[in-house]
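Chemist: Generate coordinates for the sequence data below:
(one chain, ligands or ions: 1)
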Amino acid sequence: MADKIRWGILGCGAIAHSFVKALTALPEARLAAVASRTPGKAEAFAKQYGAGAWFTEYTPLAESPDVDIIYVATTHNLHHDNVRLCLDRGKHVLCEKPFTVNERQALELFALAKRKKRFLMEAVWTRFLPGIQDIKAKLAAGVIGDIERLDANFWIQAPYDPAHRLYNKTLAGGALLDLGIYPLTFADIVFAGERPAEVTTRARLGRTGVDEASYYYLRYASGARAQLSSSCRAAAPIDAVIVGTKGCMHVPRFFFLQDYSIHLADNSQLPLKFPFRINGYEYEAVEAMRCLREELTESPLLTGEKTCAMLHMMDAMRKEWGLAYPGE
Ligand SMILES: NC(=O)c1ccc[n+]([C@@H]2O[C@H](COP(=O)([O-])OP(=O)(O)OC[C@H]3O[C@@H](n4cnc5c(N)ncnc54)[C@H](OP(=O)(O)O)[C@@H]3O)[C@@H](O)[C@H]2O)c1
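Modeler: Next comes the predicted model:
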């Protein structure tokens, strides 16, 4: 492996800009090449961030000998084909969330990565943030006692546009896959990976047939509950509250956590801060590069099994609502 890990970017949309701003500030990374099928985008993106090469199709990027790992940043519906292309051509892959549209697609890709001995991980950036590691450690140490309840909601107001990826059924739109994955991930973090004993869900299917709002109620073996929801219909504070038998944690903006506070039963409060080194996307990139250097094909912080379990739960929810995407 070269001195610097050589990155390729597949899809030059909104999130690719955020990710590459972090990547290009990391001394151990080099932006080797980018690919976009939108006319003019790859060249403009490459020039903006100083990439060594640009392509107007994805295959030459996947075949480039100058690239070690590809970050897949297309819309959800394309992740399966895009990741398969990259693995087939021998590349390591970091793929945006949701990893694929359903569990079946994800299982196929993780099996392929195993056969090819390539690193593969879903880019759920929240899992790698320093503040999240701190919450995990404090919960494990019992700072707020036994967990009784988690509330976490991710609501945004996205202007109605049937072509936008949030509303477009062909692009696997809907709140669950795009936004709901964050409170569900947060529940997985808070309950230390424990699978809920019971999952109840409701959805408000909208004008294009996707869930514009959805609700997820999880019950755990201990009797603890998680009340979670997501929506693109209306905005509200994106907050989480973890309630324990000795106190609680208030976690504003839990999906890009930079601060949170602990409130104990004696009325004491402990505010904690975890400012990002760059913009927050650096931590998932650093973890991917650590794994490459250590020749790991999966990160212990987010294994293929965890990604598949999340999709399994989301598949079951969509089945209950009668929401299937084209081609499923
Ligand atoms: N981690 C995060 O914080 C975060 C935030 C936002 C989004 N995301 C995830 O990142 C992915 C991309 O989101 P985004 O907001 O960056 O999306 P976007 O800007 O709308 O699109 C990303 C790329 O997907 C391709 N694409 C978009 N619409 C297409 C269409 N109708 N037909 C064919 N290709 C199309 C284009 O690739 P080309 O450049 O090749 O044309 C586009 O540049 C999603 O899966 C989303 O869930 C993650």
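
Chemist: tell me what the helix or strand hosting Tyr283 is packed against?
Modeler: Using DSSP states H and E, Tyr283 maps to helix 282-293. Helix 282-293 sits against strand 5-10, helix 14-23, strand 69-72, strand 92-96, strand 120-123, with contacts defined as 3 or more C-beta pairs under 8 Å, 6 or more residues apart in numbering; DSSP states H and E. Every C-beta, even on glycine, is put in place using the N, C-alpha and C of the backbone.

Chemist: what would these look like in JSON lines with mean neighbour count?
Modeler: JSON lines is the format used below for these (neighbours: other C-beta atoms under 10 Å):
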{"stretch": "strand 5-10", "mean neighbour count": "26"}
{"stretch": "helix 14-23", "mean neighbour count": "19"}
{"stretch": "strand 69-72", "mean neighbour count": "26"}
{"stretch": "strand 92-96", "mean neighbour count": "25"}
{"stretch": "strand 120-123", "mean neighbour count": "28"}
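
Chemist: And the residue of this protein that's closest to the ligand?
Modeler: For the chain, the residue closest to the ligand is Gly13, as judged by C-beta to the nearest ligand atom, at 2.3 Å.

Chemist: could you list every residue that touches that residue?
Modeler: Contact analysis of Gly13 by C-beta atoms under 8 Å, 6 or more residues apart in numbering lists Ala73, Thr74, Thr75.

Chemist: Can you get me a residue count around Arg115?
Modeler: 9 (other C-beta atoms under 10 Å).

Chemist: my hunch is that it is in a helix, does that hold up?
Modeler: Yes. Arg115 sits within a helix when classified using DSSP: H, G, I helix; E, B strand; the rest coil.

Chemist: Now the helices and strands packed on helix 282-293 in CSV, please, with extra columns for mean pLDDT.
Modeler: Shown next, in CSV, are the helices and strands packed on helix 282-293 (pLDDT from 0 to 100):
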stretch, mean pLDDT
strand 5-10, 98
helix 14-23, 98
strand 69-72, 99
strand 92-96, 99
strand 120-123, 98
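
Chemist: shaky segments in this protein?
Modeler: 1-2 (pLDDT under 70).

Chemist: just the strands in it please.
Modeler: For the chain, the strands defined by DSSP state E occupy 5-10, 29-35, 53-55, 69-72, 92-96, 120-123, 147-155, 198-205, 211-219, 225-231, 239-244, 247-252, 259-264, 269-273.

Chemist: chain center to the second one: distance?
Modeler: For strand 29-35, the gap between its own C-alpha mean and the chain's C-alpha mean amounts to 21 Å (C-alpha atoms, centre = their mean, to the nearest Å).

Chemist: now the fourth one
Modeler: Relative to the mean C-alpha coordinate of its chain, strand 69-72 is positioned 14 Å out (C-alpha atoms, centre = their mean).

Chemist: Check which helices and strands that strand sits against.
Modeler: By 3+ C-beta pairs under 8 Å, 6+ apart, strand 69-72 packs against strand 5-10, helix 14-23, helix 76-88, strand 92-96, helix 282-293.

Chemist: Mind putting the ones you listed into CSV with distance to Val199?
Modeler: Below are the helices and strands packed on strand 69-72 laid out as CSV (distance: least, C-beta to C-beta, whole Å):
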stretch, distance to Val199
strand 5-10, 33
helix 14-23, 28
helix 76-88, 21
strand 92-96, 24
helix 282-293, 27
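
Chemist: rewinding a little: nearest to Ala137, out of the helices and strands packed on helix 282-293?
Modeler: With respect to Ala137, and counting by C-beta to C-beta, the nearest of those is strand 120-123 at 21.9 Å.

Chemist: Neighbouring strands - and their directions - for the closest one?
Modeler: strand 92-96 (parallel) (DSSP bridges).

Chemist: which residues touch the partner strand?
Modeler: Contact with strand 92-96 is made by 15, 68-74, 76, 79, 82-83, 86-87, 113, 118-123, 284-285, 288, 292, as judged by C-beta under 8 Å, 6+ apart.

Chemist: same deal with stretch 231-243?
Modeler: With C-beta under 8 Å, 6+ apart, stretch 231-243 has contacts from 135, 139, 144, 147-158, 166-167, 175, 178-179, 183, 186, 190, 204, 206, 212-214, 248-255.
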